[in-house]
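>>> kindly return the folded structure for what I paste below:
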Amino acid sequence: MKNFLKKNLTVIIFIGILLVAGTILGVAIYKASNKEEPTVIIKDNIILTYSGNEKEVSIDKSVVAIGTGAFDGKTIIEKINFSEDGNLTAIGPNAFRNCSGLTAIVLPKTIQSIGAHAFDGCSSLETIIIPEGVKYIEDGAFNGCKNLKNISFPASLESFGDNVLTNCPLLATISSKSPILVVEEGVLYNEDKTVLHKYLPSNSAKSYEVPEGVKEIKSYAFQDAVNLTEIIIGANVEKLGEKVLAGCNSLQEVTIPFLGSTAAAEDASRFGTFFDDVPKSLHTVTVLGGEIIPFKAFYFCSTIKNIIIGEGVTEIGFYSFAYCSSLADINIPDGVNCIA
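Residues are numbered from 1 along each chain as shown. The predicted model follows:
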């Protein structure tokens with residue numbers, strides 16, 4: 001009996017020692033796991049994440065790329081310092097997205113690519129210097145830079161994405177040395193002027209007619225052009241991006257080649273939806289062509305007074321003019337053989 005108690009007492013003491021040791025070990029592991037993390041995580045000379053709270057951040061010269069979303073949402077950052085003798089060649093997608101404290105960026109001469117939405121939402125950014133050597137600017141790179149006033153594209157630029165300059169209402173000047181971009185009278189086109197990328201919001205003209213050579217107008221092309229009272233988009237245009245008239249709050253008359261993105265009127269062909277709300281000032285719409293005025297085409301366009309439908313239209317769909325409470329006149333061509 002004594003031996004039994006002695007053995008069990010030994011076991012109990014041993015277990016107690018293990019529990020104490022385990023507790024001590026557990027505390028050590030806990031403390032180790034809660035030690036202060038580095039503010040910058042770098043792997044293979046690529047910045048992966050940043051978790052600091054500094055207003056001014058310097059990029060080490062060994063860094064070759066800033067990874068996807070590395071500084072995303074760091075609103076406290078006011079300045080980024082790039083090393084003049086560094087090796088940085090790429091700024092990844094969303095790299096500085098929503099860094100709303102940034103006011104200016106001077107990119108190093110080593111940069112070759114600016115990723116999609118890299119500076120999206122940098123709402124305080126007034127100036128960005130894009131150096132020679134940059135070859136690629138991807139979709140939405142400067143979207144939402146609400147205070148951006150000037151931008152210049154270098155001769156080295158080889159690729160230019162969509163919606164690069166959307167939601168930039170204060171943009172006053174665009175210049176380009178690149179062979180793939182042409183700027184004329186405050187309008188940004190591709191190299192042969194078949195694609196209209198951007199009409200400057202600061203343009204003072206009251207009326208604008210899209211040149212005959214233009215085949216495509218990109219989304220948000222006329223966004224925030226508050227001085228325009230008339231826009232004429234001729235039958236030469238074969239493709240329209242979405243929300244091309246967004247923020248045109250003085251617009252009174254518009255001529256468009258068809259409803260929707262193409263003459264086929266397949267998707268997003270309702271006038272109000274496609275153009276992202278009808279400006280309250282708009283009173284006259286002329287649709288030059290397309291075979292069909294589709295289902296609910298002008299549904300709830302309550303401010304439009306006059307609609308002129310061009311030759312070539314043969315069918316008008318259900319509820320095309322429903323709830324157009326101000327509509328006073330519709331011009332329907334002789335070729336229309338079906339009104340649903």
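>>> contacts, neighbours, all on C-alpha from now
OK.
>>> output the lowest mean pLDDT helix or strand found in the protein.
Least confident helix or strand, the chain: helix 2-33 with a mean of 36, by mean pLDDT, DSSP states H and E.
>>> and whichever helix or strand comes after that one, what's buried?
Per DSSP states H and E, the first helix or strand lying C-terminal to helix 2-33 is strand 40-43. Buried residues in strand 40-43, counted by 16 or more other CA atoms under 10 Å: residue 42.
>>> how about residue 60, nearest residue that isn't a chain neighbour?
The shortest distance from residue 60 to any non-neighbouring residue, by CA to CA, 6 or more residues apart in numbering, is to residue 83 (6.4 Å).
>>> list the contacts for that neighbour?
Going by CA atoms under 8 Å, 6 or more residues apart in numbering, residue 83 touches 58, 59, 60, 61, 108.
>>> drop anything exposed from these.
Among the contacts of residue 83, those that count as buried by neighbour count (16+ other CA under 10 Å) are 59, 60, 108.
>>> please flag which of the contacts of residue 83 sit within strands.
58, 59 (DSSP state E).
>>> could I get the contacts of residue 83 as JSON lines with pLDDT and distance to residue 183?
Formatted as JSON lines, the contacts of residue 83 follow (pLDDT from 0 to 100; distance: CA to CA, whole Å):
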{"residue": "58", "pLDDT": "94", "distance to residue 183": "34"}
{"residue": "59", "pLDDT": "95", "distance to residue 183": "33"}
{"residue": "60", "pLDDT": "93", "distance to residue 183": "36"}
{"residue": "61", "pLDDT": "94", "distance to residue 183": "35"}
{"residue": "108", "pLDDT": "95", "distance to residue 183": "25"}
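>>> mind putting the contacts of residue 83 into TSV with distance to residue 121?
Formatted as TSV, those follow (distance: CA to CA, whole Å):
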residue	distance to residue 121
58	21
59	21
60	25
61	26
108	21
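>>> quick check, nearest of the contacts of residue 83 to residue 75?
residue 58 (15.8 Å; CA to CA).
>>> may I have the secondary structure class of the nearest residue to that closest one once chain neighbours are set aside?
Distance criterion CA to CA, 6+ apart; nearest residue to residue 58, sequence neighbours excluded, is residue 81 at 4.5 Å. Recorded secondary structure, residue 81: strand (DSSP: H, G, I helix; E, B strand; the rest coil).
>>> tell me the spacing between residue 81 and residue 128.
Residue 81 sits 13 Å away from residue 128, taking CA to CA, to the nearest Å as the criterion.
>>> those two: which has the busier surroundings?
residue 128 (17 against 14; other CA atoms under 10 Å).
>>> elements contacting the one helix or strand the more buried one maps to?
Using DSSP H and E, residue 128 falls within strand 127-129. Counting contacts by 3 or more CA pairs under 8 Å, 6 or more residues apart in numbering; DSSP states H and E, strand 127-129 packs against strand 104-106, strand 150-153.
>>> would you list those in JSON lines and tack on mean neighbour count, mean pLDDT and distance to residue 97?
JSON lines is the format used below for the helices and strands packed on strand 127-129 (neighbours: other CA atoms under 10 Å; pLDDT from 0 to 100; distance: least, CA to CA, whole Å):
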{"stretch": "strand 104-106", "mean neighbour count": "16", "mean pLDDT": "92", "distance to residue 97": "13"}
{"stretch": "strand 150-153", "mean neighbour count": "17", "mean pLDDT": "96", "distance to residue 97": "18"}
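>>> dump these to JSON lines, plus distance to residue 273.
Shown next, in JSON lines, are those (distance: least, CA to CA, whole Å):
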{"stretch": "strand 104-106", "distance to residue 273": "36"}
{"stretch": "strand 150-153", "distance to residue 273": "31"}
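>>> wait, which of the ones you listed is closest to residue 194?
So among those, strand 150-153 is nearest, using CA to CA, at 18.9 Å.
>>> spell out the residue ranges of the strands in the stretch 151-300 of the chain.
For the stretch 151-300 of the chain, the strands defined by DSSP state E, counting those that start in this stretch occupy 159-160, 173-176, 181-184, 187-190, 195-199, 207-209, 216-217, 230-232, 239-240, 253-256, 284-287, 292-293.
>>> redo those as JSON lines? Include distance to residue 310, mean neighbour count and mean pLDDT.
Output for these, formatted as JSON lines (distance: least, CA to CA, whole Å; neighbours: other CA atoms under 10 Å; pLDDT from 0 to 100):
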{"stretch": "strand 159-160", "distance to residue 310": "35", "mean neighbour count": "16", "mean pLDDT": "98"}
{"stretch": "strand 173-176", "distance to residue 310": "35", "mean neighbour count": "18", "mean pLDDT": "95"}
{"stretch": "strand 181-184", "distance to residue 310": "30", "mean neighbour count": "19", "mean pLDDT": "97"}
{"stretch": "strand 187-190", "distance to residue 310": "28", "mean neighbour count": "20", "mean pLDDT": "98"}
{"stretch": "strand 195-199", "distance to residue 310": "24", "mean neighbour count": "24", "mean pLDDT": "98"}
{"stretch": "strand 207-209", "distance to residue 310": "18", "mean neighbour count": "13", "mean pLDDT": "98"}
{"stretch": "strand 216-217", "distance to residue 310": "20", "mean neighbour count": "22", "mean pLDDT": "98"}
{"stretch": "strand 230-232", "distance to residue 310": "14", "mean neighbour count": "19", "mean pLDDT": "98"}
{"stretch": "strand 239-240", "distance to residue 310": "18", "mean neighbour count": "22", "mean pLDDT": "94"}
{"stretch": "strand 253-256", "distance to residue 310": "10", "mean neighbour count": "19", "mean pLDDT": "97"}
{"stretch": "strand 284-287", "distance to residue 310": "6", "mean neighbour count": "20", "mean pLDDT": "96"}
{"stretch": "strand 292-293", "distance to residue 310": "10", "mean neighbour count": "24", "mean pLDDT": "86"}
